[in-house]
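Peer 1: Quick one: sequence plus predicted model below, questions after.
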Amino acid sequence: MSWVNSVIQGLLLGGQYALIACGLSLAFGVMRIVNLAHGDLAVCGAYLGLVLSSALGVPVWVTLPLLLPAAFAAGVALQVALFGRALRGGVLAPVLVTFGLSVMIENLLQVAATSDPRGLAGGGLALASFRIGSQITVSWLFMTAFLTACAVLSGLQLLLSRTSWGRKVRATADDPDTARLVGIRVRPVFATVMGIAVATATLAGVFIGTIGTFDPYQGTNSLIFAFEAVVIGGIGSLWGTLAGGMALGVTQVVVGQVNQAYAVLAVHLLFLAVLAVRPNGLFAGHQAAREAGALG
Amino acid sequence: MTAPPPDPLLEVTGLDVFYGDFQALFGVWMSVAGGRATALVGANGAGKTTLLRTIAGAQPPAAGSVRYRGRDLTGVPPHRRISAGIALVPEGRRLFGSLTVEENIQVGAAAAASADWPLMRIYDVFPMLARRRGQRASTLSGGEQQAVAIARALAAAPTLLLLDEISLGLAPRVVGELYQTLTALRAEGATLLIVEQDLRRAMAECDDLVCLLEGRVALASPVPAVRREQVVAAYFGEGARPRSGGAPT
């Protein structure tokens, strides 16, 4: 029974990884940018949530209607001011720019908020749980994070597959030069994609801060897990990212049950193994492998 | 060379275009009158594709101008040119492979000049695409893919349609069908600028002919006023003999 419990807890943990990874996956799938500041942007979101929720004296959930639009706007601004220029500057420029941004964010947070670990007030939800059978206890907070991840990923998938915006995004992901030639305005497409990526990162940051604690350097750690989820799932595939996150979560919790010391190591070994055996990702179909990263 | 007809739809003057240090076009001049079909011919690397891409706004010229309906298009981005009525069918089709046929066509309407070309009308022109509408564009045959590329440009409701080597790699029968479609479009008032390798077809289908040689206009004339030998001479440069293996067909 404890194994079943581990798998369930692992899947739920995987949802959190998928939530932080989906923005990374979306941005890479569309713009071919590996945003090394993605985890730090998530942590920024957690700090902003902390500031807002303590200023207003409400649980952090209540601040989401303020937080998410602000994060979207920040993503748009970053794309227009920074990433867009970097993308026009060759292959190396986006790596250097996002890495620089990551270092800057971490140090600015360190100066502004010190390196003391913080937590977010999740209200009653943070402590509530329910039981399955007699031995399995599931935290409502973990469940909410998991369901939120599923909802965000399904929502994104629907937006991409059913709307005219999504059509433009997929066309741009396929071939940005031709997209421009047939009349798609590529910069606004990129800007909204980055806005959504940063908004989902912020949402993930809020869950990170509510479930555990965070400090200015948390972002790098989150980035590694997010990156591994994206690669394991198949680069650019949103459903793959969800599956990749779950594979990480289950590995971590199941191995952790045997020996806690090896839990995180096992996750990284899984990543290396997948990279060695199936570099296109575990869940990338033939189509995805052939088109090397088209959204789907 | 004859004088350009009064009030051309498109007028290109003194166009210089560079790719880095490489100059692709040297002072190119041409004009396209409304309602006519102009063939753009020339050897590989003569600058035909560059000229079309410059007109479509994908390539900024270093000097010279492209005027459309008397308006200078310098600095106008591609999506505005499409809204003004210029649509390009790019070389090599360049379809969005992960999108369906219908989605490819819908994307072409992103900056449409008008709502004159709804999906239904496009499917009337290309009935075979209606049957394939839900299929991924990458799974279609070459001829069908070329039809999608033309349909995608039509969705923008163009006045001036730029077609870059639509017959490349296609069976003659399929090319014939595509040209029949173009004839039908002309009957509805479209102006065409067609890059065509097949000189015989270019002269049979078009009203005017412009021949580029190493980035310069070597010949520009109405088709009835020019003999095939003159075009061939312009194709390879004045006085030069056609080399074996490289002759226009």
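Peer 2: Yes, it's here.
Peer 1: In contact with the residue nearest to residue A:86 when sequence neighbours are not counted, which residues?
Peer 2: In space, and not counting its chain neighbours, residue A:86 is closest to residue A:97: 4.0 Å by Cβ to Cβ, 6 or more residues apart in numbering or on different chains. No exception for glycine: its C-beta is placed from N, CA and C like everyone else's. Listed by Cβ atoms under 8 Å, 6 or more residues apart in numbering or on different chains, the contact set of residue A:97 reads A:82, A:83, A:86.
Peer 1: host element of the closest residue to chain A within chain B?
Peer 2: The nearest approach of chain B to chain A comes at residue B:111, 3.1 Å away (Cβ to the nearest Cβ). For residue B:111, there is no host helix or strand (DSSP states H and E).
Peer 1: That one: how many residues sit nearby?
Peer 2: Per other Cβ atoms under 10 Å in any protein chain shown, the neighbour tally for residue B:111 reads 19.
Peer 1: Share the number of residues neighbouring the nearest residue to it once chain neighbours are set aside, please.
Peer 2: Among residues not flanking residue B:111 along the chain, residue A:183 sits closest, at 3.1 Å (Cβ to Cβ, 6+ apart). Per other Cβ under 10 Å, the neighbour tally for residue A:183 reads 29.
Peer 1: Quick check: residue A:183 touching residue B:84?
Peer 2: No - using Cβ atoms under 8 Å, residue A:183 is not in contact with residue B:84; the gap is 10.8 Å.
Peer 1: for the host helix or strand of residue A:239, packing partners?
Peer 2: Counting by DSSP H and E, the element that carries residue A:239 is helix A:238-258. Counting contacts by 3 or more Cβ pairs under 8 Å, 6 or more residues apart in numbering or on different chains; DSSP states H and E, helix A:238-258 is packed against helix A:2-31, helix A:140-162, helix A:218-233, helix A:263-277.
Peer 1: Now residue B:15: which helix or strand?
Peer 2: Secondary structure from DSSP H and E places residue B:15 in strand B:10-19.
Peer 1: ok, that strand near chain A or not?
Peer 2: No - judged by Cβ under 8 Å from any Cβ of the partner chain, strand B:10-19 stays clear of chain A, getting no closer than 13.8 Å.
Peer 1: for stretch B:55-63, same thing?
Peer 2: Yes - residues of stretch B:55-63 contacting chain A under Cβ under 8 Å from any Cβ: B:56, B:58.
Peer 1: What distance separates the opening and closing residues of that stretch?
Peer 2: Counting by Cα to Cα, to the nearest Å, you get 13 Å between the two ends of stretch B:55-63.
Peer 1: what does stretch A:54-73 give?
Peer 2: Distance across stretch A:54-73, first residue to last, is 22 Å (Cα to Cα).
Peer 1: How about stretch A:178-194?
Peer 2: Stretch A:178-194 has its terminal residues 21 Å apart, counting by Cα to Cα.
Peer 1: in that stretch, what counts as buried?
Peer 2: Using 16 or more other Cβ atoms under 10 Å in any protein chain shown as the test for burial, stretch A:178-194 gives A:178-186, A:189-194.
Peer 1: circling back to that earlier point, how much space between the residue nearest to residue A:86 and residue A:176?
Peer 2: 18 Å (Cβ to Cβ, to the nearest Å).
Peer 1: coming back round to it: hang on, the residue of chain B closest to chain A packs against residue B:83?
Peer 2: Yes - if you go by Cβ under 8 Å, residue B:111 and residue B:83 touch, sitting 5.0 Å apart.
Peer 1: Show me the common contact partners of those two, please.
Peer 2: Residues touching both residue B:111 and residue B:83 (Cβ under 8 Å, 6+ apart) are residue A:183.
Peer 1: State the pLDDT value of the residue in the stretch 151-296 of chain A positioned nearest to chain B.
Peer 2: Among all residues of the stretch 151-296 of chain A, residue A:183 sits closest to chain B, at 3.1 Å; criterion: Cβ to the nearest Cβ. Residue A:183 is assigned a pLDDT of 93 by the prediction.
Peer 1: you'd agree it is in a strand?
Peer 2: No - counting by DSSP: H, G, I helix; E, B strand; the rest coil, residue A:183 is not part of a strand but coil.
Peer 1: what sits against it?
Peer 2: B:78, B:79, B:82, B:83, B:108, B:110, B:111, B:112, B:156.
Peer 1: got a markdown table for these, with pLDDT too?
Peer 2: Output for those, formatted as a markdown table (pLDDT from 0 to 100):
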| residue | pLDDT |
| --- | --- |
| B:78 | 95 |
| B:79 | 95 |
| B:82 | 96 |
| B:83 | 95 |
| B:108 | 94 |
| B:110 | 90 |
| B:111 | 91 |
| B:112 | 90 |
| B:156 | 95 |
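Peer 1: quick one: which of those residues has the most company?
Peer 2: Using other Cβ under 10 Å as the neighbour criterion, residue B:108 leads the contacts of residue A:183 with 30 neighbours.
Peer 1: can you give me phi and psi for that residue?
Peer 2: Backbone geometry at residue B:108, expressed as degrees, to the nearest 10, gives phi -60, psi -20.
Peer 1: ok, now the one 5 residues further on?
Peer 2: Dihedral angles of residue B:113 (phi, psi; degrees, to the nearest 10) stand at phi -70, psi -30.
Peer 1: Looks like it contacts residue B:81 (just checking).
Peer 2: No - contact between residue B:113 and residue B:81 fails when scored by Cβ under 8 Å: they sit 9.7 Å apart.
Peer 1: higher neighbour count, these two?
Peer 2: residue B:81 (26 against 20).
Peer 1: Would you mind giving the secondary structure of the more buried one?
Peer 2: Put simply, residue B:81 is helix when judged by three-state DSSP.
Peer 1: Check the contact between it and residue B:58; I expect there is one.
Peer 2: No - between residue B:81 and residue B:58 there is no contact under Cβ under 8 Å: 9.6 Å.
Peer 1: Tell me the spacing between the nearest residue to residue A:165 once chain neighbours are set aside and residue A:207.
Peer 2: Among residues not flanking residue A:165 along the chain, residue A:159 sits closest, at 6.7 Å (Cβ to Cβ, 6+ apart). As judged by Cβ to Cβ, residue A:159 and residue A:207 stand 21 Å apart.
Peer 1: do the same with residue A:121
Peer 2: Taking Cβ to Cβ, one finds residue A:121 at 13 Å from residue A:207.
Peer 1: And for residue B:91?
Peer 2: Distance, residue B:91 to residue A:207, by Cβ to Cβ: 48 Å.
Peer 1: Comparing these two, which residue is more hemmed in?
Peer 2: Taking neighbours as other Cβ under 10 Å, residue B:91 and residue A:207 compare with residue A:207 leading, 26 against 17.
Peer 1: where does residue B:136 fall, phi/psi-wise?
Peer 2: Backbone torsions for residue B:136, taken as degrees, to the nearest 10, come to phi -60, psi 140.
Peer 1: ok now do it, which residues does it touch?
Peer 2: The contact partners of residue B:136, by Cβ under 8 Å, 6+ apart, come to B:97, B:98, B:99, B:100, B:101.
Peer 1: Number of residues surrounding residue A:2?
Peer 2: For residue A:2, the number of neighbouring residues by other Cβ under 10 Å comes to 9.
Peer 1: try residue A:134
Peer 2: Neighbour tally, residue A:134, other Cβ under 10 Å: 7.
Peer 1: any idea which element it lies in?
Peer 2: Per DSSP H and E: residue A:134 is located in neither a helix nor a strand.
Peer 1: Equivalent analysis for the one 3 residues further on, please.
Peer 2: Here residue A:137 is covered by strand A:136-139, with elements defined by DSSP H and E.
Peer 1: Can you give the distance from that strand to the centre of its chain?
Peer 2: With Cα atoms, centre = their mean, to the nearest Å as the basis, strand A:136-139 stands 24 Å off its chain's centre.
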